[in-house]
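Visitor: Here is my input; please provide its structure:
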Amino acid sequence: MPDNRAAARRTSLARRGEDLACALLGDLGLAVLARNWRCREGEIDVVAAAPGLLVVCEVKTRRGDGFGTPAAAVTWAKQRRLRRLAAAYLAQADHGPVQVRFDVVAVIWPLGLAPRVDHLPGAF
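Guide: Okay, here's the model as predicted:
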């Protein structure tokens, strides 16, 4: 039987990591357009924009890096899926011509300590 408390803690950690990512993108002058945007292809964690630019951002949050860095979890398959998702987002959104950039925000947030946030703009 799955431990619902463990799943809830992971969801809470992921949500807090996304909150940090949105704040960071906002500090960089980007407007957050969507969080957890979904279609049948999957989900984009954060969609943000500036004039002429659309940023598709994957957020990975972990308690530590014992199983590798959070950014390393953005595999080729995940990158390919995010490209398809970006195309689906653009097809349904009215943005006009924009440059699309794929960012990764990697958060390591040890229990009881301050988070470390790494922003990788144009990661792939």
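Visitor: what comes into contact with the lengthiest helix in the chain?
Guide: When the chain is parsed with DSSP state H, its longest helix is helix 4-27. Contacting residues not belonging to helix 4-27 are listed as 32, 35-36, 45-46, 48, 55, 57, 59-61, 63, 103, 105, 107, 109, 115, 117, 119 [Cβ atoms under 8 Å, 6 or more residues apart in numbering]. Yep, even glycine has a C-beta here, placed from its N, CA and C like the rest.
Visitor: Off-centre distance for that helix?
Guide: Remark: helix 4-27 is offset 10 Å from the chain centroid, using Cα atoms, centre = their mean, to the nearest Å.
Visitor: Pull it out as PDB, backbone CA atoms only.
Guide: Extracted as PDB, the C-alpha positions of helix 4-27 are listed here (Å, rounded to 0.1, in the frame of the first residue of the first chain):
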ATOM      1  CA  ASN A   4      -0.100   8.700   1.200                       C
ATOM      2  CA  ARG A   5       1.900  10.900   3.700                       C
ATOM      3  CA  ALA A   6       5.100  10.400   1.700                       C
ATOM      4  CA  ALA A   7       3.300  11.300  -1.600                       C
ATOM      5  CA  ALA A   8       1.800  14.400   0.000                       C
ATOM      6  CA  ARG A   9       5.300  15.500   1.300                       C
ATOM      7  CA  ARG A  10       6.800  15.000  -2.300                       C
ATOM      8  CA  THR A  11       3.900  17.000  -3.800                       C
ATOM      9  CA  SER A  12       4.400  19.800  -1.200                       C
ATOM     10  CA  LEU A  13       8.100  19.900  -1.900                       C
ATOM     11  CA  ALA A  14       7.500  20.100  -5.600                       C
ATOM     12  CA  ARG A  15       5.000  22.900  -5.200                       C
ATOM     13  CA  ARG A  16       7.400  24.800  -3.000                       C
ATOM     14  CA  GLY A  17      10.100  24.400  -5.600                       C
ATOM     15  CA  GLU A  18       7.800  25.700  -8.300                       C
ATOM     16  CA  ASP A  19       7.000  28.700  -6.100                       C
ATOM     17  CA  LEU A  20      10.700  29.400  -5.900                       C
ATOM     18  CA  ALA A  21      11.100  29.000  -9.600                       C
ATOM     19  CA  CYS A  22       8.200  31.400 -10.300                       C
ATOM     20  CA  ALA A  23       9.700  34.000  -8.000                       C
ATOM     21  CA  LEU A  24      13.100  33.700  -9.600                       C
ATOM     22  CA  LEU A  25      11.600  34.100 -13.100                       C
ATOM     23  CA  GLY A  26       9.500  37.100 -11.900                       C
ATOM     24  CA  ASP A  27      12.700  38.700 -10.500                       C
END
